[in-house]
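# Task: produce atomic coordinates for the following.
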Amino acid sequence: MSNQATRHIMMLSGGKDSTALALYMRDNRPDLEFEYLFCDTHKELPETYEYLARIEAYLGQPITRLSSRHEERGFDHYLKLYGGYLPSPKMRWCTRQLKIEPFERYVGDDPTFLYVGIRADENRSGYISTKENITPIFPFKDEGVDKSGVLKILEQSGVGMPSYYEWRTRSGCYFCFFQQKGEWVRLRERHPDLFDLAKQYEKEEQGYTWVQNESLSQLERPARQAEILRRESERRARLAARRRPRNLSQAFGFSELEEDEAEGCLICHL
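Residues are numbered from 1 along each chain as shown. Modelled structure (predicted):
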C-alpha cells in the first residue's frame with residue numbers, strides 16, 4: 001500500500017441513491033475532498049448523461065468517467081471474449097469487466113474510503129471490494145436516511161430525479177437484463193433506435209436473449225406488448241388497492257414492488 005493520504009471516493013451510477021449521497025456528503029462534510037466517479041459502459045441511456053451533467057453543475061466539480069481497459073471496444077469486445085454469451089443475472093460479466101475492474105484499477109493500492117448509497121430502509125450491503133485497501137462507508141445506513149429522505153435531498157437540491165424514472169425503475173445500460181418487460185416496451189417507445197440495437201445482440205437460435213425465454217422480436221409484437229402493459233397495469237392496481245401511501249417515496253409512486261422486483265447489480269443500480 002502506498003503512503004498516499006486516504007482517498008474519499010463516491011461512485012455514481014446515475015441513479016437516485018448514489019446521487020443523493022453525493023449531494024448529502026458534499027453539503028455535510030465540506031472538510032473532505034471527494035472524488036466522483038462514473039463507470040461508463042458507453043451503453044448508457046441519453047437521460048443518464050443528461051443527469052450526470054446536472055449533478056456536476058450542483059457539485060461544481062467534474063465527474064471522472066472510467067472505462068474498461070479496452071475503452072475503444074468496451075462491451076462489444078468482452079461479448080466476443082465470452083463467445084457471444086449475453087450477460088445475465090447468473091453471469092454478470094458486464095459488471096465485473098465494465099464497472100468493478102475499471103474502478104479497482106483506478107484506485108490501485110491507495111487507502112480508500114468508498115461511500116456507498118445503501119439506505120437505512122434497505123436490507124442489502126452493496127458492492128464490497130475484495131481489495132483490503134478499499135473500506136466501504138454507509139452514511140445513509142449509519143444516519144438513518146431512508147427512501148423518503150433520499151427524495152427530499154434530491155428535491156431540495158434542485159437536482160431532482162433522473163428523467164428515465166418516468167418509465168424505468170433503475171439506472172444501468174439501455175439493454176440491462178434486469179429490466180422489467182414493461183420497461184422493455186417503454187424503451188421501444190422512448191428509444192426505438194436503442195431497442196433495435198439491443199435486439200441485434202440477441203441470437204434466438206442459440207437461446208441468447210435479454211429476457212429469459214423470450215426474444216425482443218417476440219416481445220415487440222403488438223399483441224404481446226399490449227398484454228405486458230395490461231398485466232403491469234393490473235399489478236399496480238392491486239398494489240394500490242392494498243395500501244395507501246405511507247411515506248414520501250410511495251406518494252411519489254416509487255413502490256417497493258416496482259424498484260425491488262429484481263435484485264439488480266448494486267454497483268450499477270444505486
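# max-length helix in this protein?
Counting residues, the longest helix in the chain under DSSP state H turns out to be helix 222-242.
# and that helix, how far out from the chain's middle?
Between the centre of helix 222-242 and the centre of its chain there are 24 Å (Cα atoms, centre = their mean, to the nearest Å).
# again, but for stretch 199-207
Distance, stretch centre to chain centre, for stretch 199-207: 24 Å (Cα atoms, centre = their mean).
# so residue 216 makes contact with residue 195?
Yes. Using Cβ atoms under 8 Å, residue 216 is in contact with residue 195, at 6.9 Å. For every residue, glycine as well, the C-beta is placed using N, CA and C.
# Return every residue with contacts to both of these two.
When contacts are counted by Cβ atoms under 8 Å, 6 or more residues apart in numbering, residue 216 and residue 195 are jointly contacted by residue 184.
# Look at residue 181 and say how many residues are nearby.
For residue 181, the neighbour count with other Cβ atoms under 10 Å is 17.
# Kindly report the same for residue 190.
Using other Cβ under 10 Å, residue 190 has 19 other residues around it.
# got it, and the one 10 residues further on?
Applying other Cβ under 10 Å, we find 10 residues neighbouring residue 200.
# pretty sure it belongs to a helix, no?
Yes. Per DSSP: H, G, I helix; E, B strand; the rest coil, residue 200 lies within a helix segment.
# how much space between it and residue 66?
Computed as Cβ to Cβ, to the nearest Å, the residue 200 to residue 66 distance reads 26 Å.
# Likewise for residue 144?
Taken as Cβ to Cβ, the span from residue 144 to residue 66 is 31 Å.
# quick revisit: point out the other helices and strands that the longest helix of the chain packs with.
Counting contacts by 3 or more Cβ pairs under 8 Å, 6 or more residues apart in numbering; DSSP states H and E, helix 222-242 is packed against helix 181-190, helix 216-219, helix 256-260.
# Figure out which of those is closest to residue 103.
When the helices and strands packed on helix 222-242 are compared by Cβ to Cβ, helix 256-260 sits nearest residue 103, at 23.7 Å.
# Tell me how confident the model is about that closest one, as a mean pLDDT.
Regarding helix 256-260, the rounded mean pLDDT is 42.
# pLDDT of stretch 177-192, averaged?
If you average the pLDDT values across stretch 177-192, you get 96.
# Take whichever strand or helix holds residue 155, keep the C-alpha atoms, and write them as PDB.
Residue 155 belongs to helix 147-157 when elements are defined using DSSP states H and E. C-alpha atoms of helix 147-157 as PDB (Å, rounded to 0.1, in the frame of the first residue of the first chain):
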ATOM      1  CA  LYS A 147     -36.100   6.500   0.700                       C
ATOM      2  CA  SER A 148     -38.200   9.500   1.600                       C
ATOM      3  CA  GLY A 149     -35.000  11.100   2.900                       C
ATOM      4  CA  VAL A 150     -33.300  10.500  -0.400                       C
ATOM      5  CA  LEU A 151     -36.200  12.000  -2.400                       C
ATOM      6  CA  LYS A 152     -36.100  15.100   0.000                       C
ATOM      7  CA  ILE A 153     -32.400  15.600  -0.600                       C
ATOM      8  CA  LEU A 154     -32.900  15.500  -4.400                       C
ATOM      9  CA  GLU A 155     -35.900  17.800  -4.300                       C
ATOM     10  CA  GLN A 156     -34.300  20.400  -2.000                       C
ATOM     11  CA  SER A 157     -31.100  20.500  -4.000                       C
END
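# From the contact counts, what lies against it?
Using 3+ Cβ pairs under 8 Å, 6+ apart, the elements in contact with helix 147-157 are helix 16-28, helix 248-251.
# Could you list the buried residues of it?
147, 148, 149, 150, 151, 153, 154, 157 (16 or more other Cβ atoms under 10 Å).
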